[in-house]
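Colleague: Have a look; sequence and predicted model below, questions after that.
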Amino acid sequence: MPKKQPLFLTMLTVLLLTSPVFSLEGPLGVKNQFPLFLHLNVPIMEKAAQEDSLAVNLQYSSIFMKKESADWLVDLDLELAELDIAYKKNFPGRVEIGLELPMLGFSSGVLDQPLETYHDAFGFPDYGRSRFPKNEFHYRLFRNGKLLVAGESGRVGLGDLRLTAKKEFPFGPCLLAVKGELELPTGDPNTGFGNGSLGGGLALIGEWKPGGPFNLTGILGLVAPGDLKALETVDLQPYYYLGVSGEWAVWRNWEVLGQVLAQTSPYPETGISSVDRPGVILTLGGRYAFGLNSVEFSFTEDLNVTGAPDFIFQLGFKHKFK
């Protein structure tokens, strides 16, 4: 027995030193980049805990929708890139204040052929994309024959700035937070970079840590987006959103994540089901944390072929100040 004790202690030491470090940083910072919703204080999932951080998030998506009704016409065929810079300042015991600055870019893109191959391989619907010429640019929204928004290929510009405030409330293994948002009309509404109105939102965030390598986060929110004041004015309506995210720390500082986010339409009844029905997106991704930094990546699919891009690629970096 004495001879075996050093071996046992050695194995125990190795096990302790190589045990996973559960770095659970909260949901992936993915937006629904559907152009008609993007500038209407579109929801973003996040953890309930307050923090000091600076995050840079890049998303790239492909959108195709050519639909019309008696009063509306939606003509979308584009690829959209968005770079978000988000700063959060925590005042411990009080509140977290945040600022998000989005930069947007529209283009005809180059992914139509790869997407056609992808849809054919898995039998996914393609929105009718295969019936039209590849890699063209269209971004037009009409109501009653009048042009509301006309996007421009190759244009890059500032979107609508977002100000946030969040207050956390601990409840044992759960953490709740109330978050308020204000979106400023800094983007050009005529070309799809903003909506021309002040918008606001309120959300309840719940975070449950059962212990070990798992974490669950839920969010329920209400948004009053303000009216769309572009080439013509459209009275928009408040909309709701609901999201659920799960995290699993698989080893050391690596984790995998999955989340679903759904939102109702902020537009009045258009007669186009792809706009009127709730948009639902599914996101799968991973994150690697090192020190005060983390890198995340994800892929997002439109679950119900409505109110969302065909896909979204996302890559993000975050630095926590403490």
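Modeller: Arrived safely. As the structure is a prediction and not an experimental result, all values here were calculated from the model.

Colleague: helices and strands around the longest strand seen in the chain, which ones?
Modeller: The strand of greatest length in the chain, counted in residues with DSSP state E as the criterion, is given as strand 72-91. Where contact means 3 or more Cβ pairs under 8 Å, 6 or more residues apart in numbering; DSSP states H and E, strand 72-91 is packed against helix 35-38, strand 53-68, strand 95-107, strand 138-143, helix 273-276. Using the backbone N, CA and C atoms, a C-beta is placed for each residue, glycine as well.

Colleague: quick one, which of these is nearest to residue 185?
Modeller: Distances from residue 185 to each of the helices and strands packed on strand 72-91 were compared using Cβ to Cβ; the shortest belongs to strand 95-107, at 12.9 Å.

Colleague: and the closest one, which residues are buried?
Modeller: With burial defined by 16 or more other Cβ atoms under 10 Å, the residues of strand 95-107 counted as buried are 96, 98, 100, 102-107.

Colleague: Could I get the CA-only coordinates of stretch 173-187 as PDB?
Modeller: Listed in PDB are the C-alpha atoms of stretch 173-187, where the atom choice follows Å, rounded to 0.1, in the frame of the first residue of the first chain:
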ATOM      1  CA  PRO A 173     -28.700  29.800  -8.300                       C
ATOM      2  CA  CYS A 174     -30.700  32.200 -10.600                       C
ATOM      3  CA  LEU A 175     -29.900  35.700 -11.700                       C
ATOM      4  CA  LEU A 176     -32.500  38.000 -13.100                       C
ATOM      5  CA  ALA A 177     -32.000  41.300 -14.800                       C
ATOM      6  CA  VAL A 178     -34.100  44.100 -16.200                       C
ATOM      7  CA  LYS A 179     -32.700  45.800 -19.300                       C
ATOM      8  CA  GLY A 180     -33.900  49.000 -21.000                       C
ATOM      9  CA  GLU A 181     -32.800  50.200 -24.500                       C
ATOM     10  CA  LEU A 182     -33.000  53.400 -26.500                       C
ATOM     11  CA  GLU A 183     -32.100  53.400 -30.200                       C
ATOM     12  CA  LEU A 184     -31.100  56.700 -31.700                       C
ATOM     13  CA  PRO A 185     -31.900  57.600 -35.400                       C
ATOM     14  CA  THR A 186     -28.300  58.000 -36.600                       C
ATOM     15  CA  GLY A 187     -28.600  55.800 -39.700                       C
END
